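Colleague: have a look; sequence and predicted model below, questions after that.
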Amino acid sequence: MASPQPSSATPLLTTVLESLGQRIVSGELQEGHTFTLQTIGDRFGISRTVAREAMRALEQLGLVASSRRVGITVLPRSNWAVFDPQVITWRMRSAAERPQQLQALTELRIAVEPIAAFNAAIHATDAQRAELLELAAELRRLGEDTHGKSSDFLRVDIRFHSLLLEASGNEMFIALIPSLLEALYGRTEFGLQPASPAHEALDAHDALAQAISSGDASGAEEQSRLLISEVRAALRRSR
């Protein structure tokens, strides 16, 4: 039986959603601004059905609300689904929003990752402990070879921090992985990641992996806190 083909409306819906979402998050369409399905249809040359799907997607993200009497109204940021990776991506693409978004993500990492590291030292499997050591060694190799801005460094760094949260055994921490990883993507995408990462950061990755490997929960928490604090300091220096 043939696999179902994607709807021809899907690319159009994605384009409309990306455009409207980015304009709202960047402030181009400000809180209280109103528009209609007809406005969306006319602007993008799409059917009312596709316009309605885009509106529903924006509603789910807390960016707009709709009513028959008023139409579609842009909501204040207090309504935004701030943990949704799509909203985070739009904020990261906005020069005005990016500093605040990076700071918020870094502060969230400070709140979550040290406790995740503490738990990982207790709950990680042997395979997870071994992989964390390998990943830390690979980060050091790439960093010392001035590949800190590379896609390879980003890939390894993402895996390291994803695995750390996975190894914690806390399902709520694990659910935060897509949101927290946007901070790593953002630092590389927007030129905030140095080609030669600070030795303190590479050392902290090593020490963190070693602490988890040896079951030193307090040490793992401390090293994780040191690592994220270095990231926060680097962001401040880049402003």
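Modeller: That came through fine.
Colleague: which positions in the lengthiest helix in the chain come out as buried?
Modeller: Counting residues, the longest helix found in the chain (DSSP state H) is helix 98-123. Buried residues in helix 98-123, counted by 16 or more other C-beta atoms under 10 Å: 101-102, 105-106, 108-110, 112-121. Backbone N, C-alpha and C define where each C-beta goes, glycine included.
Colleague: quick one: mean pLDDT for that helix?
Modeller: What helix 98-123 shows for mean pLDDT is 94.
Colleague: as CSV, could you dump the C-alpha coordinates of stretch 218-233?
Modeller: Coordinates of each C-alpha in stretch 218-233 appear next as CSV, following Å, rounded to 0.1, in the frame of the first residue of the first chain:
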residue,chain,number,x,y,z
SER,A,218,27.9,16.5,44.4
GLY,A,219,30.9,16.9,42.2
ALA,A,220,28.8,16.5,39.1
GLU,A,221,26.4,19.2,40.3
GLU,A,222,29.3,21.6,41.1
GLN,A,223,31.0,21.1,37.7
SER,A,224,27.7,21.6,35.8
ARG,A,225,27.1,24.8,37.7
LEU,A,226,30.7,26.0,36.8
LEU,A,227,30.2,25.1,33.2
ILE,A,228,26.9,27.0,32.8
SER,A,229,28.3,29.9,34.7
GLU,A,230,31.1,30.2,32.2
VAL,A,231,28.5,30.2,29.4
ARG,A,232,26.6,33.0,31.1
ALA,A,233,29.8,35.0,31.5
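Colleague: quick one: stretch 21-30 to chain centroid distance?
Modeller: 19 Å (C-alpha atoms, centre = their mean, to the nearest Å).
Colleague: buried residues in it?
Modeller: Buried, per 16+ other C-beta under 10 Å, within stretch 21-30: 21-26, 29.
Colleague: would you map the strands across the chain?
Modeller: All strands of the chain, identified by DSSP state E, fall at 34-35, 64-67, 71-74.
Colleague: okay, the ones you listed, which one's buried deepest?
Modeller: Greatest average neighbour count among these goes to strand 71-74 (a mean of 18), per mean count of other C-beta atoms under 10 Å.
Colleague: give me the sheet partners of it and which way each runs.
Modeller: In the sheet, strand 71-74 lines up against strand 34-35 (antiparallel), strand 64-67 (antiparallel) (DSSP bridges).
Colleague: coming back round to it: let's have the strands of the chain in JSON lines, adding mean pLDDT.
Modeller: Putting the strands of the chain into JSON lines (pLDDT from 0 to 100) gives the following:
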{"stretch": "strand 34-35", "mean pLDDT": "94"}
{"stretch": "strand 64-67", "mean pLDDT": "94"}
{"stretch": "strand 71-74", "mean pLDDT": "96"}
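Colleague: out of these, which gets nearest to residue 215?
Modeller: Evaluated with C-beta to C-beta, those place strand 64-67 nearest to residue 215, the distance being 49.1 Å.
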